[in-house]
Each structure stands twice: as C-alpha cells, then as structure tokens.
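[1] have a look; sequence and predicted model below, questions after that.
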Amino acid sequence: MIDYIVFLRGINVNGQNLIKMEDLRKILIDIGLHEPKTYIQSGNIWVKSELSEAESVESIIRKAIRERLGFDVPTLALPQDTLRRIIDNNPFTHEETDKKRLYYTLLAEPPDRVRAEALMEMDTCGDKIVLGNKVVYLLVRDKYSKTKLTNQYIEKILKVKATTRNHATMVKMTETI
C-alpha cells in the first residue's frame, strides 16, 4: 500500500467546480482507494492505494470526478515521500525568511528546456524562483496575491499543468496519514 498525496486544482473556488469533501471521500472509496482524508476545502487529499504509479491514481480520480460530477479537474498525485523531498529541497527554507512567503507550484511534468529558461530569465519584480524537476519554488516578496508568478502565469510560460500550494499546506500534507 502506497501513501499518496493528491492535489486537485480549481475546486470550490468562486463557486466553481463545487465538491463537498464528504462526497469526494465517498467517490475515492468507491473507486478502490483506501482511507481517504481531506484537508481544507481546496482539494488536498491523503489516500492509500495498491497502485504503484502516481499517474494511475491521478487518472482514476480525474475520471471518477468527470463521470460523477460532470467537470474535469486537473489532478496531481505524489507519493508522500516525494512530497517530503520536495519540501526538504526548497532552497528558500534555509534562508532567514517568513515561511508565509513560500509557495510551491507543482508541475504535472518537467517543462522543456527552452520554456524553463524563459521562466528563469524573466523579471520577477523582486520575487525569487528556483525551478526543480517538477516544481517551481517561489519566495514572494510580499503576498502571493500580489505576485505576477501565479499558477496560471507559470502554466502559460511553461506550457505544463500545475497547482500551487503554500508552505504550511505542503508541510501539513507530509504528516502521517
């Protein structure tokens, strides 16, 4: 049994793609996933599965939501130990910094080299970014709501599906299921 962390993007935001967490947990059980737990209403899930590939977990969840609720939700699943490594590798956690200014944009796949270079060369208006394999580490100088490095902007530059979470949520999701 593998412990997965699953992130759904764009649910329960501005009255769009509404999913009650109780209904979501029932769907996850119905499709054969085990011990689903959710954290806040924005699509953060702990789940256990016999499936050995994160992509398979993503696929069955995305398909079940589409079939049962009628909308498509970008879904990203990671083994829990992978999420821990992502946090441990954050280059900004080693600096004296306010953890409330740290964000992680998790990428569905590694971006191509040319797009990655374009992201790293852009003017970030004082925000800092470091590109990992399938993550963009962000240190915003003010509030996330004021950065131009939004999830949508990073997706547009890299041409890769992504979802962004703050440091506190990422740490919470590494806690034991």
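    That came in fine, so what should we check first?

[2] use CA for all of it now, contacts and neighbours both
    Noted.

[3] where do the strands sit along the chain?
    Along the chain, counting by DSSP state E, strands occupy 2-8, 34-39, 44-49, 75-79, 102-107, 128-131, 135-139, 162-166.

[4] got those as a markdown table, with distance to Asp88 columns?
    Converted to a markdown table, these look like this (distance: least, Cα to Cα, whole Å):
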| stretch | distance to Asp88 |
| --- | --- |
| strand 2-8 | 16 |
| strand 34-39 | 21 |
| strand 44-49 | 19 |
| strand 75-79 | 15 |
| strand 102-107 | 12 |
| strand 128-131 | 14 |
| strand 135-139 | 11 |
| strand 162-166 | 14 |
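
[5] tell me, how many residues neighbour the residue nearest to Glu50 when sequence neighbours are not counted?
    The spatial neighbour of Glu50 that comes closest, neighbours along the chain excluded (Cα to Cα, 6 or more residues apart in numbering), is Met1 at 4.8 Å. When neighbours are counted by other Cα atoms under 10 Å, Met1 registers 10.

[6] Met1 and Val47 touch, don't they?
    No. Here Met1 does not reach Val47: they are 9.8 Å apart, not a contact under Cα atoms under 8 Å.

[7] kindly provide the distance from the residue nearest to Glu50 to Thr174.
    16 Å (Cα to Cα, to the nearest Å).

[8] ok, now which ones touch the closest residue to Ile60 other than its chain neighbours?
    Closest residue to Ile60 apart from its sequence neighbours, by Cα to Cα, 6+ apart: Ile31 at 7.4 Å. Listed by Cα atoms under 8 Å, 6 or more residues apart in numbering, the contact set of Ile31 reads Ile60, Ile61, Ala64.

[9] got the angle for the longest helix seen in the chain vs strand 2-8?
    Taking DSSP state H as the assignment, the helix of the chain that covers the most residues is helix 54-69. Angle, helix 54-69 to strand 2-8, by axes from the mean of the first three to the mean of the last three Cα atoms, to 10 degrees: 50 degrees.
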